[in-house]
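1. with the input below, show me the fold.
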Amino acid sequence: MTVRRSAATLAATATVLCAAAAPAAVAAPSPSPSPSVALPSGLYGTKDPTYDGVWRQSLAFLAQRIEGIVPATDSVDWLIAQQCGNGAYASYRADVSKPCDAKTMLDTNATAAAVQALAEVGGHRDIVNNGVRWLKSVQNEDGGWGYGAGSPSDANSTSVVIGALARQGQRIGDITNAGGRTPYDALLKLAIPCGGKDGGAFAYQPDKAGKLAANADATAAAVLGSMGKGLAAGDNATVDGKAPACVKSDDLKPEQAARNGAAYLAGALAKTGHLNLPPMPGADDTTPQPDFGNTADAVVALASAGHKDRTAGAVGWLKKNSGNWAATSGPAAYAQLVLAAHATGADVHDFGGVDLIRQLNASGPAPAAVITPSASPDDFSEQDGTSDDAGLGVWWLVGIGLAAGAGIGFLISSRRKTPQL
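-> Sure, this is the predicted structure:
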């Protein structure tokens with residue numbers, strides 16, 4: 001995972017990269033907070049949230065909702081309070097009593113993740129709509145988004161924003177800037193043509209010479225983005241029965257670009273069952289390190305593109321090897337594994353011997369309710385239409401009713417926290 005940042009990764013590599021902006025995903029643990037850091041009770045995880053507080057909270061909610069779990073009220077309130085008055089989110093705000101100002105580093109990735117999470121939680125239409133309005137207001141001239149408002153567009157940021165807009169009900173092809181360019185236009189410019197080395201892959205950004213270099217992390221994100229799907233899109237996954245193939249086209253459409261990207265990912269995973277981290281500057285690149293987070297993301301992308309049958313090797317590898325990584329990395333890592341497991345039909349309660357849901361729930365406040373059986377795909381399908389309104393989540397309503405009617409509802413008994421989270 002080179003550039004798709006969960007703040008966790010950025011924090012772990014900040015001394016090397018000088019905190020350069022990059023999109024979100026988890027592949028390494030974030031530093032533990034100093035004893036003087038007092039973290040709010042509603043926040044998931046106990047590590048320094050400076051770079052990934054909103055991101056990890058949002059992923060936790062998405063993973064819980066896809067499994068029919070209603071997050072605790074104080075954890076939802078924490079995420080809501082992080083929003084700035086203009087609808088944007090920073091990666092984390094330690095003091096939400098102070099309004100955001102010109103010095104606040106607004107974050108498109110955090111905003112888009114929070115929009116998706118709160119849309120799934122339901123009941124927070126104004127919060128979701130305000131986030132969407134801000135995202136639309138900072139669309140770049142090429143139709144895409146960078147990590148920060150006004151920064152050059154990249155595949156990861158553009159894709160996570162597309163997911164937020166689609167989940168809220170926007171028609172992606174109708175979202176244009178003054179020049180008439182859409183988010184899909186930005187992604188297609190980053191697609192590497194079929195027929196050559198790494199054909200079908202997406203680049204994160206062009207290099208200084210304008211050349212495109214394949215990036216598996218960007219490809220996993222862009223497959224979802226090109227299909228107009230969000231971070232939890234694997235819930236709608238079906239198998240189309242066709243072998244993934246890269247098809248060259250002089251008039252490439254988003255759907256074909258997504259299929260081409262899926263073909264690239266299938267090939268990359270077929271070699272070892274996992275993706276690798278790029279070597280750090282000065283490191284020995286002959287000993288590549290596995291990238292757990294982006295392998296999970298690639299599984300979700302492949303399944304969402306109709307190639308669930310091509311994910312077996314990667315899922316098996318994750319089951320066998322991801323336990324220590326998730327325990328060290330925290331809630332966002334568990335959430336990524338939940339999304340991958342759910343997309344492929346794996347057992348989230350016995351994923352290589354790990355109960356992913358129990359570990360995720362234990363990293364934050366005990367959920368308000370656990371609804372069984374798990375929610376069906378249709379309950380989390382993205383909305384159609386072009387309005388700025390996001391409706392009240394079905395499972396949120398059900399959860400409130402069950403919790404109120406039963407007194408204690410379905411509060412889970414496993415409230416104890418794991419020491420490292």
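2. any idea how many residues pack against Ala218?
-> By other C-beta atoms under 10 Å, 32 other residues sit near Ala218. The C-beta positions use only the backbone N, C-alpha and C, and glycine is treated the same way.
3. tell me the contacts of it?
-> Val3, Arg4, Asp154, Ala155, Asn156, Leu190, Ala201, Phe202, Ala203, Tyr204 (C-beta atoms under 8 Å, 6 or more residues apart in numbering).
4. confidence score at the fourth one?
-> Same thing as Ala155. Here the pLDDT value assigned to Ala155 is 98.
5. next one: the host helix or strand of Arg358 to chain centre, how far?
-> Using DSSP states H and E, Arg358 sits in helix 356-362. Distance of helix 356-362 from the chain centroid (C-alpha atoms, centre = their mean, to the nearest Å) equals 18 Å.
6. list the buried residues for it?
-> Neighbour-count burial for helix 356-362, counted by 16 or more other C-beta atoms under 10 Å, picks out Leu356, Ile357, Arg358, Gln359, Leu360, Asn361, Ala362.
7. return the helix or strand in this protein with minimum mean pLDDT.
-> helix 7-17 (a mean of 36; mean pLDDT, DSSP states H and E).
8. helices and strands around the following helix or strand past it, which ones?
-> Per DSSP H and E, the first helix or strand lying C-terminal to helix 7-17 is helix 53-66. When contacts are defined as 3 or more C-beta pairs under 8 Å, 6 or more residues apart in numbering; DSSP states H and E, helix 53-66 packs onto helix 7-17, helix 73-81, helix 108-121, helix 331-344, helix 356-362.
9. again, only using 10 Å
-> Where contact means 3 or more C-beta pairs under 10 Å, 6 or more residues apart in numbering; DSSP states H and E, helix 53-66 is packed against helix 7-17, strand 69-70, helix 73-81, helix 108-121, helix 155-168, helix 331-344, helix 356-362, helix 394-406.
10. okay, buried residues for that helix please.
-> Within helix 53-66, the residues that count as buried by 16+ other C-beta under 10 Å are 53-66.
11. just give me the neighbour total for Gly180.
-> Residues near Gly180, counting by other C-beta under 10 Å: 8.
12. surely it touches Gly143?
-> Yes - judged on C-beta atoms under 10 Å, Gly180 makes contact with Gly143 at a distance of 8.6 Å.
13. low-confidence ranges in the chain?
-> Applying pLDDT under 70 to the chain flags the ranges 1-37, 235-238, 240-241, 281-286, 372-421.
14. check contacts around the residue nearest to the spatial centre of it.
-> When C-alpha atoms, centre = their mean is applied to the chain, the residue found nearest the centroid is Leu231 (4.4 Å). By C-beta atoms under 10 Å, 6 or more residues apart in numbering, the contact list for Leu231 reads 24, 58-59, 62-63, 66, 112-113, 116-117, 120, 159-160, 163-164, 167, 221, 224, 297, 300, 335-336, 339.
15. if we use 6 Å, what do you get?
-> Taking C-beta atoms under 6 Å, 6 or more residues apart in numbering, we find Leu231 in contact with Leu62, Gln116, Gly163.
16. that one belongs to a strand?
-> No - counting by DSSP: H, G, I helix; E, B strand; the rest coil, Leu231 is not found in a strand; it is coil.
17. next, give phi and psi for it.
-> phi -60, psi -30 (degrees, to the nearest 10).
18. which residue is the nearest non-sequential neighbour of Ala333?
-> Ala326 (4.3 Å; C-beta to C-beta, 6 or more residues apart in numbering).
19. helix, strand, or coil at that neighbour?
-> helix.
20. any idea how far Val370 is from it?
-> According to C-beta to C-beta, to the nearest Å, Ala326 and Val370 sit 20 Å apart.
21. neighbour count: these two, which is higher?
-> Ala326 (28 against 21).
22. wait, that one sits on Ala335?
-> No - between Ala326 and Ala335 there is no contact, the gap being 9.4 Å when judged by C-beta atoms under 6 Å.
23. now do the contacts for Gln82.
-> Counted by C-beta under 6 Å, 6+ apart, Gln82 has contacts Val54, Tyr89, Arg93.
24. which one's the longest helix in the chain?
-> In the chain, taking DSSP state H as the definition, the longest helix is helix 254-272.
25. returning to that earlier point: other SSEs contacting the helix holding Arg358?
-> helix 331-344 (3 or more C-beta pairs under 6 Å, 6 or more residues apart in numbering; DSSP states H and E).
26. which other residues reach the helix it packs on?
-> Under C-beta under 6 Å, 6+ apart, the answer for helix 331-344 is 6, 26, 44-45, 56, 59-60, 63, 66, 232, 234, 237, 293, 296, 299-300, 303, 308, 311, 315, 326, 348, 351, 356, 359-360, 363.
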